[in-house]
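**Q** Using only what follows, build the 3D model:
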Amino acid sequence: MPDISLRFHKDMLVLSAPLAAVLARQGIDTARDLEYLNLVEPEAVRDALRLESLAGAQCLVANTEGMAPARLAHQGMEDNLDALAHSALATARGLRPQHLLVEIGPCGLPLDGSSASSLNENRDQYARAARAFAGEEFDAFLLSGFAGASDLKCALMGVGQVSDRPVFASVEVGADGFLLDGRTSLEEAVALMGEFGASVVGFATGAAPRQAAALAGRACAAGYLPVLAQLRVAAHAPKQGEVTPENPYYCPDTMVQAAALLRAAGVQFLRATGEATPAYTGALAATTEGFDVARAVEEA
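**A** Numbering: from 1, shown residues only. You can find the predicted model right below:
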């Protein structure tokens, strides 16, 4: 597995989509059992990841998004953190991906940005989650799904305390360029990511392709780090027939224009999320295959 940092600012790369939507269509209660599948039905996780790999994703994202101890505690699995982490990576590595990322999402604990004890408690959640992957073989952490700057800062600090692996960081952004907490701009979030050690800065949005490309341009202008853009599919609805503000990515074909616009804006890493199927990943991969990053970045 090559070092992913050697590819920064070079060729375009696509991340695999989250597995929850595909597994939910198979009747699995993903709100309760998604992480538990790593132990009891690893073949289901493997098959879902294999479809993403076959679709062309160069970077497989392990089934680890809900691995913060506070979230595992809701299913009574907080004591199985190490076993869940090992099984998730073993399943993904078995597919021999070019690159393997460990995703960690928001821990879900209440957070008071003015309270040192609250900040420390949240930071510890991410440190404990990252520590479970010590000694494992993978390329980078993906911190994704963050709606506010304080939680993102805790995640970056927690992971940075226990690991020197590269970190991809991504925030949830509206079409107006503000995080979903309404208080932090994309530019401010990008600056925070750089300050606290992220190797790749990113955003996730459900905005239409041209709006997403405008957000990407803002992220690129705010710093020099590689940029990840995640496009949220509200619903896979081919019969919709046309783009709507509520669901601009209603079918995989919509990813073709989006990928071209995002590449032109300077993005290097692409991912379809939400209700995306492997076909969405395939559309992103097919559109960008063989292309280098369009953004010119001077060596620091």
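**Q** which residues in the stretch 1-150 of the chain form strands?
**A** Per DSSP state E, counting those that start in this stretch, the stretch 1-150 of the chain carries strands over the ranges 13-14, 59-61, 99-104, 140-146.
**Q** mean confidence for the first one?
**A** Rounded to a whole number, the mean pLDDT of strand 13-14 is 98.
**Q** Please apply the same query to the third one.
**A** Model confidence over strand 99-104, given as mean pLDDT, is 98.
**Q** In TSV: the strands of the stretch 1-150 of the chain, plus distance to residue 50.
**A** All C-beta atoms are positioned from the backbone trio N, CA, C, and that covers glycine. As requested, these are arranged in TSV below (distance: least, CB to CB, whole Å):
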stretch	distance to residue 50
strand 13-14	15
strand 59-61	9
strand 99-104	14
strand 140-146	19
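**Q** Of all those strands, which one comes closest to residue 235?
**A** Nearest of the strands of the stretch 1-150 of the chain to residue 235, taken as CB to CB: strand 140-146 at 18.8 Å.
**Q** got the CA positions of stretch 242-252 in CSV?
**A** Taking C-alpha atoms only, stretch 242-252 is exported to CSV below (Å, rounded to 0.1, in the frame of the first residue of the first chain):
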residue,chain,number,x,y,z
GLU,A,242,-34.1,16.6,-13.7
VAL,A,243,-32.0,18.4,-11.2
THR,A,244,-33.8,20.0,-8.3
PRO,A,245,-32.4,22.2,-5.5
GLU,A,246,-33.5,19.5,-3.0
ASN,A,247,-31.8,16.7,-4.9
PRO,A,248,-29.3,17.8,-7.5
TYR,A,249,-27.6,14.4,-7.6
TYR,A,250,-30.7,12.3,-8.3
CYS,A,251,-28.8,9.8,-10.6
PRO,A,252,-25.1,8.8,-11.1
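**Q** Now do that stretch, average pLDDT.
**A** 94.
**Q** and it, which residues are buried?
**A** 247, 248, 249, 250, 251, 252 (16 or more other CB atoms under 10 Å).
**Q** out of those, who's nearest residue 95?
**A** Checking these against residue 95 by CB to CB gives residue 252 as the nearest, at 21.4 Å.
**Q** Correct me if wrong: that closest one contacts residue 283.
**A** Yes: between residue 252 and residue 283 a contact is recorded at 4.4 Å, counting by CB atoms under 8 Å.
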